[in-house]
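K.L.:
Would you be able to build a 3D model of this:
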Amino acid sequence: MGIHDLQAGGGGTAGLLLRGLLAPASWAYGLAVALRTQAYERGWKRVERLPVPVLSVGNLVAGGTGKTPVTACLVQRLRARGRRPGVLSRGYGPRVAGGLSDEGAVLEGLCGPGLPQREDPDRVRGGRALLGGAGAPDVLVLDDGFQHRRLARDLDLVLLDATCPWGHGHLLPRGLLRERPRALARAHLVALTRCEQVEPERLDRLEREVGQHTPAPRLRIATRACHVELEGRHQPLQSLAGQRVLALAGVGRPQAFRHTLESLGAEVVATRFLPDHGVLPAGGLAAVLEQARRAGATQVITTRKDAVKLPGPWPAPLGVLDIEAEVVAGEPALEAALDRLLAPPA
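P.N.:
Take a look at the predicted model:
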């Protein structure tokens, strides 16, 4: 039984005992978070500002909330306004071709190779380096930046995965929360992601819960499959309908990937799920292909985040599903927030 099983509440008596053992560590983590928050709010820790507008995309929980496709969506909207956005990120995860992390490589694929990116745990240092280089951006998107308080931001967009918004109700490591829900008071916008996987009544209830912590406008964002790559070529999504597939994923919410495949008509007959940012060991892909053969799968479908870590050339049964973020409610609030972000100083 893994940590996510414990956090989700599984495991019977053994799970209850193990979750109880995690409680002291969760209390200690919460105390550290509270002290750090006080340090910034009282001015004991210094906040540094860069000379361009900064838009932060973050969340309350550890694990996937769809930040990468949302970041790509924001980059495209900023470009449509005639701006040159750059992306600052921590760069967590394995390095792939070009020296970027797996998420950085995916973002480059979604936005094109001309996207200025800098990966550095010290976002202030990274931002200064990015602004000091050739083709410097005129607006920065701070990826996974809600808890990175040291860098001042002009717009805080916080994402909540509608399928698991509150991290099972506990702070790390007992649950998935990085901060308690009251931290949403710092947000300028709150977006419910993966809203296509949740009933409208549940979304309405979640929005009311969010409203107990912040008056910030709410968006709803759906995660959509945009195309599938099979045998090196983009194919229509309908080509997955009726296919028996093995789902291969090392992402924060692998069940969301499975749900997407099933929504396209694929029959998921087997899975190989890795930890977030996980990498298959040497010979691991051959083992996955053998698992697929034994399960009667005709295709192995993986995410782009996993595909960038696989050595090529890819064998024919391996396909890659690409996804994108679509704002399905709250568009005027997002556009108004971007207007304020980019408005010239008074």
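K.L.:
State the next helix or strand along the chain beyond the longest helix belonging to the chain.
P.N.:
Counting by DSSP state H, the longest helix found in the chain is helix 12-41. Remark: after helix 12-41, the chain's next helix or strand is strand 54-59, criterion DSSP states H and E.
K.L.:
Tell me which other helices or strands that next one touches.
P.N.:
Counting contacts by 3 or more C-beta pairs under 8 Å, 6 or more residues apart in numbering; DSSP states H and E, strand 54-59 packs against helix 67-80, strand 139-143, strand 155-161. (Each C-beta comes from the backbone N, C-alpha and C, glycine too.)
K.L.:
Compile these into TSV and extend it with columns for mean neighbour count and mean pLDDT.
P.N.:
Shown next, in TSV, are those (neighbours: other C-beta atoms under 10 Å; pLDDT from 0 to 100):
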stretch	mean neighbour count	mean pLDDT
helix 67-80	20	96
strand 139-143	26	97
strand 155-161	25	98
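K.L.:
for the ones you listed, which one sits closest to residue 194?
P.N.:
Smallest distance to residue 194 across these (C-beta to C-beta): 5.5 Å, for strand 155-161.
K.L.:
Show me the shaky parts of the stretch 151-300 of the chain.
P.N.:
Across the stretch 151-300 of the chain, nothing is flagged by pLDDT under 70.
K.L.:
What are the boundaries of the strands in it?
P.N.:
155-161, 189-193, 218-230, 233-235, 244-249, 267-273, 299-303 (DSSP state E, counting those that start in this stretch).
K.L.:
These: which one's closest to residue 100?
P.N.:
strand 299-303 (16.1 Å).
K.L.:
Need the contact partners of that closest one.
P.N.:
Strand 299-303 is contacted by residues 228, 230, 240, 243-251, 257, 261, 266, 288-289, 292, 310, 317-321, 323 when judged by C-beta atoms under 8 Å, 6 or more residues apart in numbering.
K.L.:
So which of the helices and strands packed on strand 54-59 is nearest residue 50?
P.N.:
The nearest among the helices and strands packed on strand 54-59, by C-beta to C-beta, is strand 139-143 at 6.7 Å.
K.L.:
For beta bridges, what are the partners of the nearest residue to residue 196 once chain neighbours are set aside?
P.N.:
Of all residues not flanking residue 196 in the chain, residue 222 sits nearest, at 4.2 Å (C-beta to C-beta, 6 or more residues apart in numbering). Beta-bridge partners of residue 222, counted by DSSP bridges, are residue 326.
K.L.:
How about residue 141?
P.N.:
With DSSP bridges as the rule, residue 141 is bridged to residue 55, residue 87.
K.L.:
was I right about it contacting residue 53?
P.N.:
No. Between residue 141 and residue 53 there is no contact under C-beta atoms under 8 Å: 9.8 Å.
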